[in-house]
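# have a look; sequence and predicted model below, questions after that.
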Amino acid sequence: MATAVRKPLRPQARTARLEARVSRDFKDTLERAAAVTGHATLKSFLIYALQSSASKAIEDHRLARLSDEESRSFVRSLLEPPAPNAELRAAFGRYRAATGQT
């Protein structure tokens, strides 16, 4: 006698819903942008635009951008660090005491 074997259910991708109220004019603008960029639906354009914008924001935050003067100052402080002041020496003393270092 044959027995039935149940296939495990495939877990569905976890999704979340986003909603936003916008003016009719803004929605029209978004729909025009979707059309001129070749997106079949407003939804596909919004997902693309949000993903692109989020990736750029994260990358911009990850990268440190320094002006010429900031860059020179940073390198100067690495190559010629200032002598430790009294507060730093005291903090180092507390660290040594807490960690049992001599």
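Alright, I've got the coordinates. Numbers count the residues shown, from 1 in each chain.
# ramachandran angles for residue 40?
Torsion angles at residue 40 (phi, psi; degrees, to the nearest 10) stand at phi -70, psi -30.
# so what's residue 28 up against?
With contact set as C-beta atoms under 8 Å, 6 or more residues apart in numbering, residue 28 has no partners. (Each C-beta comes from the backbone N, C-alpha and C, glycine too.)
# let me know the next secondary structure element after the helix or strand harbouring it.
Under the criterion of DSSP states H and E, residue 28 resides in helix 24-36. Next along the chain after helix 24-36, taking DSSP H and E as the criterion, comes helix 42-62.
# list the helices and strands that next one packs on?
Secondary-structure packing of helix 42-62 (3 or more C-beta pairs under 8 Å, 6 or more residues apart in numbering; DSSP states H and E): helix 24-36.
# gap between stretch 48-61 and the chain center?
From the chain centre to the centre of stretch 48-61 is a distance of 8 Å (C-alpha atoms, centre = their mean, to the nearest Å).
# actually stretch 69-84, not the one I wrote
28 Å.
# what does stretch 21-37 give?
26 Å.
# in that stretch, which residues are buried?
By 16 or more other C-beta atoms under 10 Å, the buried positions in stretch 21-37 come out as residue 34.
# and it, what's its mean pLDDT?
Stretch 21-37 comes out with an average pLDDT of 97.
# could you export that stretch as CSV, CA atoms only?
Extracted in CSV, the C-alpha atoms of stretch 21-37 (Å, rounded to 0.1, in the frame of the first residue of the first chain):
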residue,chain,number,x,y,z
ARG,A,21,-0.7,59.9,1.1
VAL,A,22,0.5,62.3,-1.5
SER,A,23,-1.1,65.1,-3.5
ARG,A,24,-2.8,64.3,-6.8
ASP,A,25,-0.2,66.5,-8.6
PHE,A,26,2.7,64.6,-7.0
LYS,A,27,1.1,61.2,-7.9
ASP,A,28,0.8,62.4,-11.5
THR,A,29,4.5,63.4,-11.5
LEU,A,30,5.4,60.0,-10.2
GLU,A,31,3.3,58.3,-12.8
ARG,A,32,5.0,60.4,-15.6
ALA,A,33,8.4,59.5,-14.1
ALA,A,34,7.5,55.8,-14.2
ALA,A,35,6.4,56.0,-17.8
VAL,A,36,9.4,57.9,-19.1
THR,A,37,11.8,55.5,-17.3
